[in-house]
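S.K.: Just need the structure, nothing else, for what follows:
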Amino acid sequence: MALLTEGTYPYVDGGVSTWCHTLCQELPSVDYSIYGVTGSTAAQEVYTRTPNLVRVTQIPQWGTEDIVEYVQPGVNGWPFLRRKLTTGRSRNLRDFLDPFGDLMAMILRPTTEPTLDTTPIIRLHRFFQEFDYTSAFRAPATWDCFRERCLDAIRADPMLSRRTEPSALDLAVCLRWLHNLLMPIAVPVPEVDLMHGTMAGVVSLIGVIARATAGIPFALTDHGVYVRERYISVSPGPMAWFMKRILIGLAAVSSRACYAIADIVAPVCAFNTRWESRLGVPADRLRVIYNGVDPDIFRPQPKPPELRNRPTAVAAARISHIKDILTLIRGTAVARRELPNLLVRVYGSLNADPPYVRRCRDLIAELELDGTFELAGFHSTPSEIYNEGDISVLSSISEGFPYTVLESMSCERPVVATDVGGVREALDGFGVVVPPKDPEALGRGIAALLKDPLRRLELGRRSREQVLARYRTDQSANAYLKLYREMHDNAGWVPKEIDEQSETSAHAVSAVS
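M.R.: Purely as a prediction, here's the structure:
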């Protein structure tokens, strides 16, 4: 089994990494190989490998001048030199430039058609099994092809032709980005029984290629909607419009390629099926499998003595734009009007986005919330976070089916959360859901729940009951094992029997948008 990750397991903690590690722990009969895209060569594994994690292949997007040692480690000596020497020959390079130009056309002028032709991706992959990746991208003819394709697409589009044409520097930066971001397509097809992508991004093109060229079944789990989250993260940035178009266009092409080829698309919440259906996934290939948590680890405990007489809300969230901590800070100011001794404590990495952390600190000072709002940094024991508070809070602008909500529910701490992704699916009737980017609504929700201990206790009790009934790790993991079995019925691979009781209760349902 190849598990395809990007910016997550086993190098970075977080919800997707928790999901990956849970699969490895809960399914010992499955041997996993990880193909993990990282930001740099310096990334270090932060999870202890499980016995069934047999291989980790790192694909660093930055920090290396030649990717061969990472994605094609068996290519060395004379074969390596031969590739370098022969790639730039015009008759060879033509086999790269044609599909590269076609891929650029798709990135620059995304179609509204529900399906996507993956032929250029497959042709590029095959080229890189014989010729050198970096040499192809650095060839002068590649620059000419890229520049012409970009300018032709802009001039042919009445809307784009009104914009300022990209400079030579903008074009050069974007070509460099594509060289780094497209590295996964050069990876040889893994010798595995099944591919499992953790997002509909570029890394999962390994699964697309394996399915198309070797017939290896390919499952895709959407945690968040990749193309939507890419749009959210890129759009507010200061970069030139053309550079944004390249990044968003690549995300759209990658997602649609994954959706076109995957045997099963298994989002973690029904909300995601709305996007997947619009992007071409038929209903019979959609299956929702909800996340689960371990209620023996995330269990209710008394608040620490020093906080027992202080109304406290906690959050487990990386300090980043997509978690919208700025709205949580403003919402805290709203809630403090009714609760002067309020404490809101956020546990999460302060290193993911340092400029955003500075903006948060500046807003805390501006609103005079020192002593009321705390950026507490990383916490090594997540199960302890929720029991520090009376409630927990989630202020994100995009989510899948967040573990933090389930973990808090399991600890009998009701949640006030924004209505994004699958949050309502978890909290409807068990917590408070408010519109995103609305500090007034968020603040009122926090204050109302903290001021009503009877309602808070009742919601907490019912929340844990809901987790025990529907959102346990064994239920979720066995739903994936059932999926694996279905996809391998005729492949000669039979995992150990699923526990019948767990299989019966596994919450894996067919979903229609």
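
S.K.: low-confidence ranges in the stretch 251-400 of the chain?
M.R.: Judged by pLDDT under 70, the stretch 251-400 of the chain has no weakly predicted residues.

S.K.: and D31, what is it in contact with?
M.R.: M1, N52, V54 (Cβ atoms under 8 Å, 6 or more residues apart in numbering). Any C-beta I mention is one placed from the backbone N, CA and C, and that applies to glycine too.

S.K.: again, only using 10 Å
M.R.: Listed by Cβ atoms under 10 Å, 6 or more residues apart in numbering, the contact set of D31 reads M1, C24, P51, N52, L53, V54, R55, V192, D193, P495.

S.K.: ok, now P79?
M.R.: So P79 contacts V68, Q72 (Cβ under 10 Å, 6+ apart).

S.K.: now Y226
M.R.: Taking Cβ under 10 Å, 6+ apart, we find Y226 in contact with 6, 197-202, 204, 220, 251-252, 254-255, 258, 272, 275.

S.K.: go again using 6 Å as the cut-off
M.R.: Neighbour list for Y226: M199, A200, G201, S255 [criterion: Cβ atoms under 6 Å, 6 or more residues apart in numbering].

S.K.: likewise V357?
M.R.: Contact partners of V357, counting by Cβ under 6 Å, 6+ apart, are I319, L350.

S.K.: which secondary element of this protein has the worst mean pLDDT?
M.R.: strand 508-510 (a mean of 31; mean pLDDT, DSSP states H and E).

S.K.: Y47 and I397, how far apart?
M.R.: Plainly put, Y47 is 27 Å away from I397 if you go by Cβ to Cβ, to the nearest Å.

S.K.: likewise G460?
M.R.: Plainly put, G460 is 26 Å away from I397 if you go by Cβ to Cβ.

S.K.: These two - which one has more neighbours?
M.R.: When neighbours are counted by other Cβ atoms under 10 Å, G460 comes out ahead of the other of G460 and I397, with 22 against 16.

S.K.: residues contacting that one?
M.R.: E412, R413, P414.

S.K.: If we use 8 Å, what do you get?
M.R.: By Cβ under 8 Å, 6+ apart, the contact set of G460 is P300, E412, R413, P414.

S.K.: residues contacting the second one?
M.R.: It refers to E412. If you count contacts by Cβ under 8 Å, 6+ apart, then E412 has P300, G460, R461, S463, R464 around it.

S.K.: Which PyMOL command selects the buried ones in the residues you listed?
M.R.: Selecting only the buried entries of the contacts of E412 in PyMOL, with 16 or more other Cβ atoms under 10 Å as the criterion:
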select buried, resi 460+463+464
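
S.K.: quick one: contacts of stretch 160-173?
M.R.: Counting by Cβ under 8 Å, 6+ apart, 143, 146-147, 150-151, 153-155, 174, 240-243 sit against stretch 160-173.

S.K.: Just the buried residues of the contacts of D31.
M.R.: Burial by neighbour count, judged by 16+ other Cβ under 10 Å, picks out M1, C24, L53, V192, D193, P495 from the contacts of D31.

S.K.: So which of those sits lowest on pLDDT?
M.R.: When the buried ones among the contacts of D31 are compared on pLDDT, P495 comes out least confident, at 42.

S.K.: Looking at the buried ones among the contacts of D31, which one is closest to T213?
M.R.: Sorting the buried ones among the contacts of D31 by how near they are to T213, with Cβ to Cβ, puts V192 at the top with 13.5 Å.

S.K.: The closest one in helix, strand or coil?
M.R.: Assigned state for V192: coil (three-state reduction, DSSP: H, G, I helix; E, B strand; the rest coil).

S.K.: How about it: what's its closest non-neighbour residue?
M.R.: With sequence-adjacent residues excluded and distances taken as Cβ to Cβ, 6 or more residues apart in numbering, V192 is closest to A2, at 4.6 Å.

S.K.: Can you pull the phi/psi pair for R308?
M.R.: Per-residue torsions, R308: phi -60, psi -30 (degrees, to the nearest 10).

S.K.: what's H196 in contact with, if anything?
M.R.: With Cβ under 8 Å, 6+ apart as the criterion, the residues that contact H196 are M1, A2, L3, L4, G207, F218, A219, L220, T221.

S.K.: 10 Å - rerun?
M.R.: By Cβ under 10 Å, 6+ apart, the contact set of H196 is 1-5, 20, 23, 30, 32, 204, 207, 217-221, 262, 264, 266, 480, 483-484, 487.

S.K.: A186 touches S135, doesn't it?
M.R.: No - under the contact definition of Cβ atoms under 10 Å, A186 does not touch S135, with a separation of 11.8 Å.

S.K.: who's more crowded, the two?
M.R.: Counting neighbours by other Cβ under 10 Å for A186 and for S135 shows that A186 has the greater number, 24 against 19.

S.K.: what's the spacing between the more buried one and V75?
M.R.: 10 Å.

S.K.: what's the answer for P158, then?
M.R.: With Cβ to Cβ as the criterion, P158 and V75 are 46 Å apart.

S.K.: Name the residue in the two with the higher neighbour count.
M.R.: Per other Cβ under 10 Å, whichever of P158 and V75 has more neighbours is V75, with 16 against 7.
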